[in-house]
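Participant: can't give you the sequence, but here's the structure:
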């Protein structure tokens, strides 16, 4: 087994999982946020491992 | 020669095509975040910049160059991120988390586990993309561990923690830079003679990583992270398999449910994670040097240790509020004191991990 095989498994695996996810929860480009967060005037909403859940906060759960 | 050029052009076009597709189907911001992730993967693999390896080099050989490069990158990001966070606290958020018993223990375990498989949060993704079988096996268990860690996180944080403490504004930036200089000085003193200079490759990598991390903050509104995305993938898998997550305070929260019902193409950490893996793959194929080499074979017991280490990486990094990226790199560069405590605890854990790696029969490097 070569390293190329391992690389290919990793990439194809990620692409397959992403494909399944898109099929189950398709993204909606019409709901996409402004191009960049900085200067948008909107609060962040992404998940991040450094923050706990805080339903009332501007920075959601996460990371 | 022409075939090689054509092949490389195809690689670049494929990467560009992926970014365009994500932009079209999810939104332009998400396409940009994917391209930032690709950049991370290209720089980390292309310039051989990492976290676990340099820590190992310092501990085993007293060569501090890699760690100094990490401090350089963190300092560069801090110079932009800390003032930006002060002026735009609504749009941008830092990697700020409380210091607590679980956080310290989690960082220690993460530091040990990342030396066992010689891959941290970013390193596991990059190594898997560049053909490392240990990282490929560890990666899904890393994701499972992250999912489980988030599932139990409130039990752990109830063990006790301080309020979030941050170095903010101009004074916070000066304080962060002074701490980085002091820490760099300590490592320079501890380093052996002849290995105290910073190779050009590391300087270039540190600058690129810093630029990408700043872009990530400005575009997505949050710092560079890894672990959340991995846990989200596992949680999505659990939901598909019919697991009930309503008993978890974390995963049953409305914000988590919202993310579980959204595409991974709209999750920033997932996009940078995918980009890192794909970027590392692209660099490996571009180089076309090592990919033909056979992978080393290990006994079954070693693979068992790799699986346990992968689970530990994920679980511990959630308790520690991030891995080397989310807690150490992004934490310190956005002024969070927990990033410094994370670094000390994880570095101590690395001593243990190096010993374990030898014992379980994984290659020294």
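Facilitator: Structure received. Keep in mind that what you see is a predicted model, and the values were worked out from it rather than measured.
Participant: Can you list the residue ranges for strands in the stretch 51-200 of chain B?
Facilitator: Ranges of strands within the stretch 51-200 of chain B are B:98-100, B:161-164, based on DSSP state E, counting those that start in this stretch.
Participant: Pick the most deeply packed of those strands.
Facilitator: With neighbours taken as mean count of other Cβ atoms under 10 Å in any protein chain shown, these reach their highest mean count in strand B:98-100, at a mean of 20. Where you see a C-beta, it was placed from the backbone N, CA and C, and this is true even at glycine.
Participant: so how far is that one off the chain centroid?
Facilitator: Between the centre of strand B:98-100 and the centre of its chain there are 19 Å (Cα atoms, centre = their mean, to the nearest Å).
Participant: And for it, what's in contact with it?
Facilitator: B:157, B:159-165, B:321, B:337-338, B:341 (Cβ atoms under 8 Å, 6 or more residues apart in numbering or on different chains).
Participant: for the record, mean pLDDT for that strand?
Facilitator: For strand B:98-100, the mean per-residue pLDDT is 93.
Participant: What strands flank that strand, and is each parallel or antiparallel?
Facilitator: strand B:161-164 (antiparallel) (DSSP bridges).
Participant: Mean confidence (pLDDT) on the strand it pairs with, please.
Facilitator: So the average pLDDT for strand B:161-164 ends up being 90.
Participant: Would you mind listing the buried residues in stretch B:146-165?
Facilitator: Across stretch B:146-165, burial judged by 16 or more other Cβ atoms under 10 Å in any protein chain shown covers B:146-153, B:156-157, B:161, B:164-165.
Participant: I'd like those as a markdown table, with distance to residue B:73 appended.
Facilitator: Output for the buried residues of stretch B:146-165, formatted as a markdown table (distance: Cβ to Cβ, whole Å):
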| residue | distance to residue B:73 |
| --- | --- |
| B:146 | 24 |
| B:147 | 29 |
| B:148 | 30 |
| B:149 | 26 |
| B:150 | 27 |
| B:151 | 32 |
| B:152 | 32 |
| B:153 | 28 |
| B:156 | 30 |
| B:157 | 29 |
| B:161 | 28 |
| B:164 | 23 |
| B:165 | 23 |
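Participant: Okay, and which of the residues you listed map to helices?
Facilitator: Using DSSP state H, the subset of these located in helices is B:146-151, B:153, B:156-157.
Participant: Grab the nearest non-local neighbour of residue 24.
Facilitator: You didn't pick a chain, so chain A it is. Once flanking residues are discounted, residue A:24 sits nearest to residue B:240: 7.1 Å by Cβ to Cβ, 6 or more residues apart in numbering or on different chains.
Participant: Actually, chain B is the one I wanted.
Facilitator: Nearest to residue B:24 is residue A:29, by Cβ to Cβ, 6+ apart, at 6.5 Å.
Participant: Might one say that that neighbour is in contact with residue B:26?
Facilitator: Yes. Look at residue A:29 against residue B:26 with Cβ atoms under 8 Å: they come within range, at 6.0 Å.
Participant: Neighbour count: the two, which is higher?
Facilitator: residue B:26 (26 against 17; other Cβ atoms under 10 Å in any protein chain shown).
Participant: right, and that one touches residue B:263 too?
Facilitator: Yes. Under the contact definition of Cβ under 8 Å, residue B:26 touches residue B:263, with a separation of 6.4 Å.
Participant: Quick one: neighbours of residue A:18, just the number.
Facilitator: 18.
Participant: so where's chain B uncertain?
Facilitator: Along chain B, segments meeting pLDDT under 70 span B:1, B:363-365.
Participant: from it, which residue is nearest to chain A?
Facilitator: Taking Cβ to the nearest Cβ as the measure, chain B has residue B:27 as its residue closest to chain A, at 2.2 Å.
Participant: hang on, the earlier thing: next, format the contacts of strand B:98-100 as TSV and append distance to residue B:279.
Facilitator: Listed next are the contacts of strand B:98-100 as TSV, based on distance: Cβ to Cβ, whole Å:
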residue	distance to residue B:279
B:157	34
B:159	38
B:160	40
B:161	35
B:162	37
B:163	37
B:164	32
B:165	34
B:321	26
B:337	31
B:338	28
B:341	31
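Participant: Can you tell me which of these lies closest to residue B:257?
Facilitator: Closest approach to residue B:257 among these (Cβ to Cβ): residue B:157, at 20.4 Å.
Participant: Please enumerate the strands of chain A.
Facilitator: Per DSSP state E, chain A carries no strands over any range.
Participant: Show me what residue of it gets nearest to chain B.
Facilitator: Counting by Cβ to the nearest Cβ, chain A gets nearest to chain B through residue A:32 (2.2 Å).
Participant: List the contacts of that residue.
Facilitator: Residue A:32 touches B:26-30, B:266, counting by Cβ under 8 Å, 6+ apart.
Participant: Relative to residue B:72, how far out is it?
Facilitator: 35 Å (Cβ to Cβ, to the nearest Å).
Participant: just residue B:204 next, same as before
Facilitator: Residue B:204 is 11 Å from residue B:72, by Cβ to Cβ.
Participant: One more: residue B:257?
Facilitator: Distance from residue B:257 to residue B:72, by Cβ to Cβ: 40 Å.
Participant: can you check residue B:234 too?
Facilitator: In terms of Cβ to Cβ, residue B:234 sits 34 Å off from residue B:72.
Participant: One more: residue B:97?
Facilitator: Counting by Cβ to Cβ, the gap from residue B:97 to residue B:72 is 23 Å.
Participant: Those two - which one has more neighbours?
Facilitator: residue B:97 (30 against 20).
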